[in-house]
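**Q** this one's structure only:
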């Protein structure tokens, strides 16, 4: 099956950028007020080899794959609606989380809490290391390089919506689309103003991973052959 080897920034859709600003628990990329000269400089190729960055992207992809397999569209919509309502009522992160507990299984909660802790720790490492030198463009390019070049990329290899070669395969357009969505989702997560230890991190992860899961499913619906009966 043909593998995409390059990525156009045009894949970053206007809808994703609107989502980045509009999602109730999200914000623009978190600003670090410190002097950039105090931080290490980096570029996309170097960042794509940074263990903290690799761990962040890999675990976000794992959560996206989990959402695809375990969260139905109705379940995602229910979670999103309840969080939006709670946020509108100016409830705390803990109170927001309590409104969706009944939508989550014990495995859901354990997975979210474990992955959000890993992502928080590694995002904190990146902020301390690179600060404002870690720009949005560098993040996008590095995440794209990692998702395109990693043979076991969760969003490409394991997604339930990927059809087998016997059914014709999805082709390079699906892979370009799904990689683009995965990168956008990771960018949204990294820019979540509430990405801190505890419940707030779980809410950030739910919002970003469910959005990416829905986007990848849309990529499959557009570019993959229909499953044979």
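**A** That came in fine, so what should we check first? These numbers were taken from a predicted model, which means no experiment stands behind them.
**Q** drop to CA atoms for contacts and neighbour counts, all remaining ones
**A** Fine.
**Q** where are the low-confidence patches of the protein?
**A** Scanning the chain for pLDDT under 70 picks out 1-37, 149-168, 193-197, 226-229.
**Q** could you pull out the helices for it?
**A** 14-22, 44-47, 51-70, 73-88, 93-100, 106-130, 136-149, 154-157, 171-190, 199-223 (DSSP state H).
**Q** which other helices and strands does the fifth one contact?
**A** Right, helix 93-100. Helix 93-100 is packed against helix 73-88, helix 199-223, with contacts defined by 3 or more CA pairs under 8 Å, 6 or more residues apart in numbering; DSSP states H and E.
**Q** same question, the fourth one
**A** Using 3+ CA pairs under 8 Å, 6+ apart as the contact test, the elements touching helix 73-88 are helix 93-100, helix 199-223.
**Q** now the angle from the longest one to helix 106-130?
**A** Between helix 199-223 and helix 106-130, the angle comes out at 100 degrees (axes from the mean of the first three to the mean of the last three CA atoms, to 10 degrees).
**Q** neighbouring contacts of helix 199-223?
**A** 25-26, 60, 63-65, 67-68, 73, 76, 80, 93-94, 97, 112-113, 116-117, 120, 155, 161-162, 170-171, 173-174, 177-178, 181-182, 184-186, 188-189, 192, 194-195 (CA atoms under 8 Å, 6 or more residues apart in numbering).
**Q** report the buried residues of it.
**A** Neighbour-count burial for helix 199-223, counted by 16 or more other CA atoms under 10 Å, picks out 199-220, 223.
**Q** got the angle for that helix vs helix 51-70?
**A** Using the same axes, to 10 degrees: helix 199-223 against helix 51-70 is 60 degrees.
**Q** roughly how far is helix 199-223 from the heart of the chain?
**A** Averaging C-alpha positions (CA atoms, centre = their mean, to the nearest Å) puts helix 199-223 6 Å from its chain's average.
**Q** can you check stretch 76-95 too?
**A** For stretch 76-95, the distance to the chain centre is 19 Å (CA atoms, centre = their mean).
**Q** which positions within it qualify as buried?
**A** So for stretch 76-95, counting by 16+ other CA under 10 Å, buried means 76, 79, 80, 82, 83, 84, 86, 87, 93.
**Q** in JSON lines: these, plus distance to residue 43.
**A** Below are the buried residues of stretch 76-95 laid out as JSON lines (distance: CA to CA, whole Å):
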{"residue": "76", "distance to residue 43": "35"}
{"residue": "79", "distance to residue 43": "36"}
{"residue": "80", "distance to residue 43": "35"}
{"residue": "82", "distance to residue 43": "39"}
{"residue": "83", "distance to residue 43": "36"}
{"residue": "84", "distance to residue 43": "36"}
{"residue": "86", "distance to residue 43": "39"}
{"residue": "87", "distance to residue 43": "36"}
{"residue": "93", "distance to residue 43": "34"}
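**Q** ok, of those residues, which one's closest to residue 38?
**A** Each of the buried residues of stretch 76-95 was scored against residue 38 by CA to CA, and residue 93 proved nearest at 32.3 Å.
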